[in-house]
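# Provide a 3D model corresponding to the input given below.
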Amino acid sequence: MNIRETNHHVSTAIVSFIILLSGVPAAHAAFIQNTFGLSGPHSTITFDEHIFPFLTPVTTEYADLGVTFSPYGLYFDAASNVSNFGPSIGNFVPGGLGAQRFPIGINFTSPQTEAAFVFASGDATTTFQAFLGGNLVESFNVATGNPSIPVFYGFRDITFDAISITTPGCGSAVCPQLVDNIQLPTATASSSVPEPSSILGLLAFGTLGAGAVLTRKIKPSKSTGKELEKDS
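Numbers count the residues shown, from 1 in each chain. As a prediction, this is how the structure comes out:
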């Protein structure tokens, strides 16, 4: 097999890889809504790691555990009895009119590929948005409330570093928001599986490298043959 035929086969192999991998579907975000949260190993922030007085504004107080809040959240202790779970972060003053003051923003100190948290609100439709570097990655609208069994919400199968939670008014009232039990995976985003486009590039590069090695091996063999002819 000469050099031209070898390069032809290498080019054919590259095209075949491209055609094969172009049919691999890209990863799509999955929205989490269940009673257990993440299925894999994870750490859970329960908000009893750092205790504050009722309605204390919270921003970076849990940064050592991997999350901050923007513009801020209000600390609800277990004795406040405004939800069906313990210490939590909310955005309202109980009993006040026009209580909702802002969406709850959960910021992660490092990018995540999945995260879940218990969420309670008044009966309404809540918008959950995932961001990466300030850019919207994914968004879901879900009917939420304050059930007797806590419900987890969140995202997986995408990379994000912030989640915004917004619940508009419930009829003439304003819906409160409470967040608890934030679950984070033990693996970092950098250990995630490469996208198909990345895999394609690696394979194409590897195939081209193999072709270059074959070419280098073939050239000396032909040169050696000519020298033998001269000697004879």
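# Mind giving me the packing neighbours of the helix or strand Ile165 falls within?
Counting by DSSP states H and E, the element that carries Ile165 is strand 152-166. Applying 3 or more CB pairs under 8 Å, 6 or more residues apart in numbering; DSSP states H and E, one finds that strand 152-166 makes contact with strand 30-34, strand 104-121, strand 124-132, strand 135-144, strand 177-185. The way it works is simple: take the backbone N, C-alpha and C, and place the C-beta from them, glycine included.
# Give me the contacts around the helix or strand just after the shortest one.
Heading C-terminal from strand 30-34, the first helix or strand you meet, by DSSP H and E, is strand 42-45. Around strand 42-45, the neighbours that count as contacts under CB atoms under 8 Å, 6 or more residues apart in numbering are Tyr62, Leu65, Gly66, Val67, Asn181, Ile182, Gln183, Leu184, Pro185, Thr186.
# Let's see that with 7 Å instead.
Residues from elsewhere that reach strand 42-45 (CB atoms under 7 Å, 6 or more residues apart in numbering): Tyr62, Leu65, Val67, Asn181, Ile182, Gln183, Leu184, Pro185, Thr186.
# Same question for stretch 33-41.
Counting by CB under 7 Å, 6+ apart, Glu114, Ala116, Val142, Ile149, Val151, Phe152, Tyr153, Gly154, Gln183, Pro185, Thr186 sit against stretch 33-41.
# redo that, cut-off 10 Å
By CB atoms under 10 Å, 6 or more residues apart in numbering, the residues outside stretch 33-41 that reach it are 32, 44, 114-119, 128, 140, 142-144, 147, 149-154, 156, 181-187.
# Run a quick neighbour tally on the residue nearest to Ala143 when sequence neighbours are not counted.
Counting by CB to CB, 6 or more residues apart in numbering, Thr125 is the residue found nearest to Ala143 once chain neighbours are left out, at 5.5 Å. Applying other CB atoms under 10 Å, we find 14 residues neighbouring Thr125.
# wait, Thr125 sits on Ile165?
No. When contacts are counted by CB atoms under 10 Å, Thr125 is not listed as touching Ile165 (11.9 Å).
# Now Pro57: phi and psi?
phi -60, psi 140 (degrees, to the nearest 10).
# Can you give the strand pairings for the helix or strand hosting Leu74, parallel or anti for each?
Per DSSP H and E: Leu74 is located in strand 73-76. When sheet partners are counted by DSSP bridges, strand 73-76 sits next to strand 57-58 (antiparallel), strand 88-90 (antiparallel).
# Please identify which of these is closest to Tyr72.
When these are ranked by proximity to Tyr72, the top entry is strand 57-58, at 4.5 Å, counting by CB to CB.
# what's the nearest residue to Ile158 if we skip its chain neighbours?
Counting by CB to CB, 6+ apart, the residue nearest Ile158 is Ala29, at 4.2 Å.
# and that neighbour, how many residues sit next to it?
16.
# Tell me where the model's unsure across this structure.
Where the chain drops to pLDDT under 70, the residues are 1-28, 41, 81, 83-84, 95-101, 170-174, 186-232.
# So Asp64, which state does it fall into?
helix (DSSP: H, G, I helix; E, B strand; the rest coil).
# measure it to Gly105 for me?
Going from Asp64 to Gly105 by CB to CB, to the nearest Å gives 18 Å.
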